[in-house]
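1. Here's my sequence, what's the structure:
(chains A and B)
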Protein chains: 2
Amino acid sequence: MRKHITGFSNPTVKYLRALRDKKHRQRAGQFLVEGLRLIEDARAAGRVPQTLVMAEGREHALLARLEAEVLAAGGEVIETTPDILSKITGKDNPQSVAGVFDEWDTALAMLDRAAAPIWLVAQALRDPGNLGTMLRTADAVGAGGLILIDDCADPFSAEAVRASMGAVFTVGLAQARWEEFLSWLRAGEGQLVAASLRDAVPYRGAPYAAPCFILVGNESQGLPEDYEIACDLRVTMPMKGRADSLNAAVAGAVLAYEVLASL
Amino acid sequence: MRKHITGFSNPTVKYLRALRDKKHRQRAGQFLVEGLRLIEDARAAGRVPQTLVMAEGREHALLARLEAEVLAAGGEVIETTPDILSKITGKDNPQSVAGVFDEWDTALAMLDRAAAPIWLVAQALRDPGNLGTMLRTADAVGAGGLILIDDCADPFSAEAVRASMGAVFTVGLAQARWEEFLSWLRAGEGQLVAASLRDAVPYRGAPYAAPCFILVGNESQGLPEDYEIACDLRVTMPMKGRADSLNAAVAGAVLAYEVLASL
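-> Numbering: from 1, shown residues only, chains lettered A, B, ... in the order given. Model (predicted):
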């Protein structure tokens, strides 16, 4: 049974709209995913939305199947006006469907480091687009996933989910403080590598070893000095221009492809 | 002499605010750069703002020097309230200074292909953040610059300028239609390379040759088939995951660093 909502002040509309806000998301333990393509990516990864919100009058074979699955899993299907979908997503031209998913456990303990030879690690990464791009790169290089250190952007924000192109549903994801990450890392095998200028070796042909954890720092500050010092390997990338750094997601990707080729 | 502006409806405020809009920028042939750091990058590259807009009461040695240079060059210095700066930049917490620069000629004829062994080329790149990131990467790999093909985001938008970290002022920049680019390219030396799945060779160890033009396609469509076919070299990058593509700026950077290492 579809539920029809036509009022802007409906409490469900208010709840869904509030999911754009990080604090509300964390309190609710849920996040909103826009667009059939991303929701299908989630489905392919075994995640069915708790709630499906559709624009009135939309018919699509994939949508019908999704609707049936959501209802079978005890979820809710809501049909509403394009204006209300606009209000929920904050977009002038919203996708005609959105799904509400439960957030999942992002504790380090959920990761199996033996599952992959490469892992990406981001410290205080503030831009959700960069975060999503790193998830996408993690998928492409066959990394186990992305570990977020200290205060990063929210991986469940609409922008991060979109930039990940669905990889948020398929690669591992963990969030931890630095000390917690370091003690987890040192409790098993793992080489921690950072791009650095400190007694670094050239990134091409450096002695990478699996499982290799590639650490990228904050967009404007880079890595704190003690984080760099804690790394097993510091590598340097050519900087031929005026600047001494790359975009964080770009640096991580160039390193990850180098590690992939050398392992 | 500083000019004080305190009224929201002042025509100069309206003009500056309109520069956020691409159409207005193109008509005016000017763009707005936010923040002392970016304006200093421009200055170091020999570009002085036509107009400098500052929040009232700001004092800073760099700002004083900048102000003197703008006035010496016949430009205008405007002091205004934080609220009006907010209105001009569209930011809740704007930088305390912004500069208006003349756009410059981005015709292909302005580029000297012999000036660098690597060039980045983006086709229908729609995201200004990706565009700025590619400018930044171009600087890092010592590329001659970025050539924008077909309908790309505006390199003079605030987001592109910010993501470029000032590289928009230092690396070459050209805009052209595909046919125009191709005839320019073929009128001299140059190898056109694209990431592709079509009869492609592995990107590691491919026979790159300078000047090497690395072509990256639109974020969601990739390159049109005939553009790929027109390339001298098609290379493929490992995709170990579920997806078959990378973020456009990431793909360009991984290729550019590979070309840099092999030339």
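
2. neighbours of the residue lying closest to residue A:5 once chain neighbours are set aside, just the number please.
-> Computed as CB to CB, 6 or more residues apart in numbering or on different chains, the closest residue to residue A:5 that is not its neighbour in sequence is residue A:80, at 4.6 Å. C-beta: built from backbone N, CA, C; applies to glycine. The local packing of residue A:80 (other CB atoms under 10 Å in any protein chain shown) involves 25 other residues.

3. gap between the top helix by length along chain A and the chain center?
-> What stands out as the longest helix in chain A, according to DSSP state H, is helix A:248-262. Its chain's C-alpha centre and that of helix A:248-262 lie 17 Å apart, by CA atoms, centre = their mean, to the nearest Å.

4. For stretch A:26-38, which residues meet the burial criterion?
-> Under the neighbour-count criterion of 16 or more other CB atoms under 10 Å in any protein chain shown, stretch A:26-38 has A:28, A:30, A:31, A:32, A:33, A:34, A:35, A:36, A:38 buried.

5. Show me which residues of chain A are close to chain B?
-> A:44, A:129, A:133, A:136-142, A:163, A:165-167, A:170-171, A:204, A:237-243, A:245-247, A:249-250, A:253-254, A:257-258, A:260-261 (CB under 8 Å from any CB of the partner chain).

6. filter those residues to the buried ones?
-> A:129, A:133, A:136-142, A:163, A:165-167, A:170-171, A:237, A:241-243, A:245-247, A:249-250, A:253-254, A:257-258, A:260-261.

7. ranges for the strands of the stretch 151-263 of chain A?
-> For the stretch 151-263 of chain A, the strands defined by DSSP state E, counting those that start in this stretch occupy A:172-176, A:191-195, A:201-202, A:212-216, A:233-236.

8. Same check on the stretch 1-150 of chain A?
-> A:2-5, A:30-34, A:51-55, A:76-80, A:97-102, A:118-123, A:145-149.

9. If you drop the residues flanking it in sequence, what lies closest to residue A:86?
-> Leaving out its chain neighbours, the residue that sits closest to residue A:86 by CB to CB, 6+ apart is residue A:94, at 5.2 Å.

10. Against residue A:148, how distant is that neighbour?
-> Distance of residue A:94 to residue A:148, given as CB to CB, to the nearest Å: 28 Å.

11. before we move on, back to that, can you lay out the strands of the stretch 1-150 of chain A as JSON lines showing mean pLDDT?
-> Putting the strands of the stretch 1-150 of chain A into JSON lines (pLDDT from 0 to 100) gives the following:
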{"stretch": "strand A:2-5", "mean pLDDT": "91"}
{"stretch": "strand A:30-34", "mean pLDDT": "96"}
{"stretch": "strand A:51-55", "mean pLDDT": "94"}
{"stretch": "strand A:76-80", "mean pLDDT": "95"}
{"stretch": "strand A:97-102", "mean pLDDT": "96"}
{"stretch": "strand A:118-123", "mean pLDDT": "98"}
{"stretch": "strand A:145-149", "mean pLDDT": "98"}
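
12. Among the buried residues of stretch A:26-38, which pair sits farthest apart?
-> Spatial extent of these (CB to CB) is set by the pair A:28 and A:36 at 22.8 Å.

13. dump the residue contacts of the residue nearest to residue A:86.
-> Contacts here follow CB atoms under 8 Å, 6 or more residues apart in numbering or on different chains; on that basis residue A:94 touches A:34, A:55, A:82, A:85, A:86, A:88.

14. Quick one, which of the residues you listed are buried?
-> Neighbour counting with 16+ other CB under 10 Å marks A:34, A:55, A:85, A:88 as buried within these.

15. For the third one, give its distance to residue A:128.
-> Okay, so that is residue A:85. Relative to residue A:128, residue A:85 is positioned 21 Å away (CB to CB).

16. So the residue in the stretch 1-150 of chain A positioned nearest to chain B versus residue A:134, what's the distance?
-> Nearest to chain B, among the residues of the stretch 1-150 of chain A, is residue A:142, at 2.9 Å (CB to the nearest CB). Computed as CB to CB, the residue A:142 to residue A:134 distance reads 14 Å.

17. mind giving me the domain ranges of chain A?
-> Under the assignment automatic domain parsing, the domains of chain A span A:2-102, A:108-262.

18. Report the separation between the two terminal residues of stretch A:235-242.
-> 19 Å (CA to CA, to the nearest Å).

19. So which residues of the stretch 1-150 of chain A form helices?
-> Using DSSP state H, counting those that start in this stretch, the helices found in the stretch 1-150 of chain A span residues A:11-18, A:22-28, A:36-44, A:61-72, A:82-89, A:128-140.

20. Redo those helices as JSON lines? Include mean pLDDT.
-> Below are these laid out as JSON lines (pLDDT from 0 to 100):
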{"stretch": "helix A:11-18", "mean pLDDT": "94"}
{"stretch": "helix A:22-28", "mean pLDDT": "95"}
{"stretch": "helix A:36-44", "mean pLDDT": "94"}
{"stretch": "helix A:61-72", "mean pLDDT": "92"}
{"stretch": "helix A:82-89", "mean pLDDT": "91"}
{"stretch": "helix A:128-140", "mean pLDDT": "97"}
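
21. tell me the contacts of residue A:91?
-> With contact set as CB under 8 Å, 6+ apart, residue A:91 has these partners: residue A:34.

22. I should have written residue A:159 there, sorry.
-> Shown in contact with residue A:159 (CB under 8 Å, 6+ apart): A:128, A:129, A:132.

23. sorry, back to before: mind putting the buried residues of stretch A:26-38 in JSON lines, distance to residue B:110 included?
-> Formatted as JSON lines, the buried residues of stretch A:26-38 follow (distance: CB to CB, whole Å):
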{"residue": "A:28", "distance to residue B:110": "53"}
{"residue": "A:30", "distance to residue B:110": "52"}
{"residue": "A:31", "distance to residue B:110": "46"}
{"residue": "A:32", "distance to residue B:110": "46"}
{"residue": "A:33", "distance to residue B:110": "44"}
{"residue": "A:34", "distance to residue B:110": "41"}
{"residue": "A:35", "distance to residue B:110": "40"}
{"residue": "A:36", "distance to residue B:110": "44"}
{"residue": "A:38", "distance to residue B:110": "41"}
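
24. any idea how far the closest residue to residue A:130 other than its chain neighbours lies from residue B:73?
-> Distances taken as CB to CB, 6+ apart put residue A:249 closest to residue A:130, at 4.3 Å, once the chain neighbours are dropped. In this view, residue A:249 and residue B:73 are 38 Å apart by CB to CB.

25. Please tell me how far residue A:121 sits from residue A:190.
-> The value you get for residue A:121 to residue A:190, if CB to CB is used, is 10 Å.

26. what is in contact with the two at once?
-> residue A:213.

27. more crowded one of the two?
-> residue A:121 (25 against 16).

28. can you pull the contacts of the more buried one?
-> Residue A:121 neighbours (CB under 8 Å, 6+ apart): A:146, A:147, A:148, A:149, A:181, A:192, A:213, A:214, A:215, A:216.

29. So the fourth one sits against residue A:120, correct?
-> No: checked against CB atoms under 8 Å, the pair residue A:149 and residue A:120 is beyond contact range at 10.9 Å.

30. For beta bridges, what are the partners of the residue lying closest to residue A:71 once chain neighbours are set aside?
-> Excluding the flanking residues, the one nearest residue A:71 by CB to CB, 6+ apart is residue A:77, at 6.2 Å. Beta-bridge pairing of residue A:77 under DSSP bridges involves residue A:2, residue A:52.

31. Let me know how buried residue A:77 is, in neighbour terms.
-> 18.

32. which residues touch it?
-> Residue A:77 makes contact with A:1, A:2, A:3, A:51, A:52, A:54, A:67, A:70, A:71, according to CB under 8 Å, 6+ apart.
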